[in-house]
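A.B. asks: okay, here's the prediction I keep looking at, along with the sequence it came from:
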Amino acid sequence: MSARRIDRENKKHDIALAAMSVFADHGFDSTSMSRVASEAGIGKGTIYEYFSSKDDLIATSIRLWMQNMAEETEKALEAIPDPESRLRAYVHSLVDMFLTDEKMPRLMVSCFQFFMTRRSDTKFSDTLRIMFRAGVSSIERILLDGMEAGVFRIESYQDAERIAVNLTAFLDGICLDYLATGGVFDLREQVEYYMRYLLEADIK
């Protein structure tokens, strides 16, 4: 890849992440391209050199935000050799991020709302599938490591995928319930209960 191409990709990445910060504070619908340009330190017209539309900017920003979050989480787990400890650490790191990063809950809700209103658009439905698959794959890799090490009682690769899908969906759902109910239950405690049941009753 040429230096010019790399510079362009880096600039696009920087604009998208700057946009995500603005989206977190003001929501997707209320955020103007001018506001994003100001946050990114560029002219409004420059954004359109990198993104075809506001929807394109939103989709790219969401994808990069999720990608960065996944990379940071996985990097933190590299030093944990035991698959069970790594799985617990992965799940609890996501929960801690959700509870301590004030922007994350707002972004999560906004993302779901955004994609639900654009389900008929292939570009956005594909982006949502990529995001969901990324979370599933992270969990699946840990489960397969545990399966191959004899730590987890998983009989097939398909079972590992099903468990990963179930756990990913559970985390999305319980975090949304926590938000919707105003935090009437202890999120960490409920997630740990689920993890204990999953590990002890299902896969160990």
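C.D. replies: On my side now, so go ahead.
A.B. asks: so for stretch 104-122, what's the average pLDDT?
C.D. replies: Average pLDDT, stretch 104-122: 78.
A.B. asks: okay, buried residues for it please.
C.D. replies: 104, 105, 106, 107, 108, 110, 111, 114, 115, 118 (16 or more other Cβ atoms under 10 Å). Every C-beta, even on glycine, is put in place using the N, C-alpha and C of the backbone.
A.B. asks: what does stretch 77-87 give?
C.D. replies: If you call a residue buried by 16+ other Cβ under 10 Å, then stretch 77-87 has these buried ones: 77, 83, 84, 86, 87.
A.B. asks: cool, and stretch 145-157?
C.D. replies: Within stretch 145-157, the residues scored as buried using 16+ other Cβ under 10 Å are 145, 146, 147, 151, 152, 154.
A.B. asks: mind listing what's buried along the host helix or strand of the second one?
C.D. replies: Just to be clear, that refers to residue 146. Assigned by DSSP states H and E, residue 146 falls within helix 122-148. Across helix 122-148, burial judged by 16+ other Cβ under 10 Å covers 124, 127-128, 131, 134-136, 138-147.
A.B. asks: off-centre distance for it?
C.D. replies: Centroid separation for helix 122-148 versus its chain: 10 Å, with Cα atoms, centre = their mean, to the nearest Å.
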